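S.K.: Sequence first, then the predicted structure, then my questions.
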Amino acid sequence: MKPKIETISAHTKKVEFKNEPVALPIYQTSTFRYQSVEDLEKYLEGDETQYQYTRYENPTLRAVQEKIAELEKGDRCYVFSSGMAAITSSILAFLQQGDELLASNSLYGRTQLFIENWLPRFGVKTRQIPVAEFPNVDRYFTPKTKILYIESPTNPTCQIIDIQGAAECAHRHNALLLIDNTFASPVNQNPIELGADVVLHSLTKYIGGHTDLIAGASIFAERNETPMREAIRTFGGTLDPLAAFLIERGIKTLPIRVHRQNSTAQWLAQRCSEHPKIKRVNYPGLANHPQHSIAARQMRGFGGMFSFDLADYDQAR
């Protein structure tokens, strides 16, 4: 019997082809069909070629995640609907009531608000450490400290923290080091190679690169897969497949863009430092930056971002 028009309209036609597309396909679907109960069983047993629901996994997302993990020298990656979704989900994945989190006192504003205002609501004690004290911050740890959270370079003051030293300190106290690597990008710096446990990104910035999407990423070692998987599936900050496609497209030009941004920022920062109305330029590539030697040791390039100080607010206006 031939299907009725209602049946034809409701079902997606399967297109057969054996040659692979050059561009990443967009799997814009919420759910996936199993051909048999055996395929469902394979999925439940962990077969990564089987999919169920895009909030859990999606082929477009997985391709992007594997690429970002490779860029950051990590084992695994999850992409999120924003940088803040990646940050909050990753922090909550490793904390419970009664735990403590330490953080540097120079962070992206919303990250700082989450740590100061939200984590205490869930029974997590938080303390901030001046950047100048890193990496010798052992005195701040207690047996309840589970996470040390930092940025390097910091947003927007471009301060630098010794990542390897911070990681060693955290690990001495059985804590994890989480670092936001957005301001560096994986082209300029790979914190996992320096001992970091979780690396975070706002993909909206360097990695997306074209100001046409909002997204985030968390990259981590395979040993941290279970809490991270449960966090993204439960909190629901999963990225849309179309945005994942745009990220993958942006990554194709990431090294070219970042290398040029490095050189442009270095030139601009030097020129600004010579301007009579500018008090101070905050850029780790300048020799007079307080942590320039640390940056030179752990970064391959100094990034495309810098900030500067003027004499007063009226002058800034």
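M.R.: Perfect, I can see it now.
S.K.: got the buried residues for the biggest helix by length in the chain?
M.R.: Using DSSP state H to define each element, the chain has its longest helix at helix 254-273. Residues of helix 254-273 classed as buried: L254, R257, V258, Q261, N262, A265, Q266, A269, C272, S273 (neighbour count, 16 or more other Cβ atoms under 10 Å). C-betas here are computed from N, CA, C, even on glycine.
S.K.: what would these look like in TSV with pLDDT?
M.R.: Shown next, in TSV, are the buried residues of helix 254-273 (pLDDT from 0 to 100):
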residue	pLDDT
L254	97
R257	98
V258	98
Q261	98
N262	98
A265	98
Q266	98
A269	98
C272	97
S273	97
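S.K.: Strands along the stretch 1-150 of the chain, start to end?
M.R.: Counting by DSSP state E, counting those that start in this stretch, the stretch 1-150 of the chain has these strands, from start to end: 76-80, 100-104, 125-129, 145-151.
S.K.: from what I can see A170 touches K146, true?
M.R.: No - using Cβ atoms under 8 Å, A170 makes no contact with K146, being 9.6 Å away.
S.K.: Between those two, which contacts overlap?
M.R.: Here A170 and K146 have L176 as joint contacts, going by Cβ atoms under 8 Å, 6 or more residues apart in numbering.
S.K.: neighbour count winner among these two?
M.R.: Higher neighbour count among A170 and K146: A170, with 27 against 20, using other Cβ atoms under 10 Å.
S.K.: Helix, strand, or coil at the more buried one?
M.R.: For A170, the assignment made with DSSP: H, G, I helix; E, B strand; the rest coil gives helix.
S.K.: Give me the distance between it and L194.
M.R.: 12 Å (Cβ to Cβ, to the nearest Å).
S.K.: Report how many residues lie close to the closest residue to T111 other than its chain neighbours.
M.R.: Ranked by Cβ to Cβ, 6 or more residues apart in numbering and with sequence neighbours excluded, the top spatial neighbour of T111 is I87, at 5.6 Å. As a burial measure, I87 scores 28 neighbours (other Cβ under 10 Å).
S.K.: element containing A231?
M.R.: helix 225-235 (DSSP states H and E).
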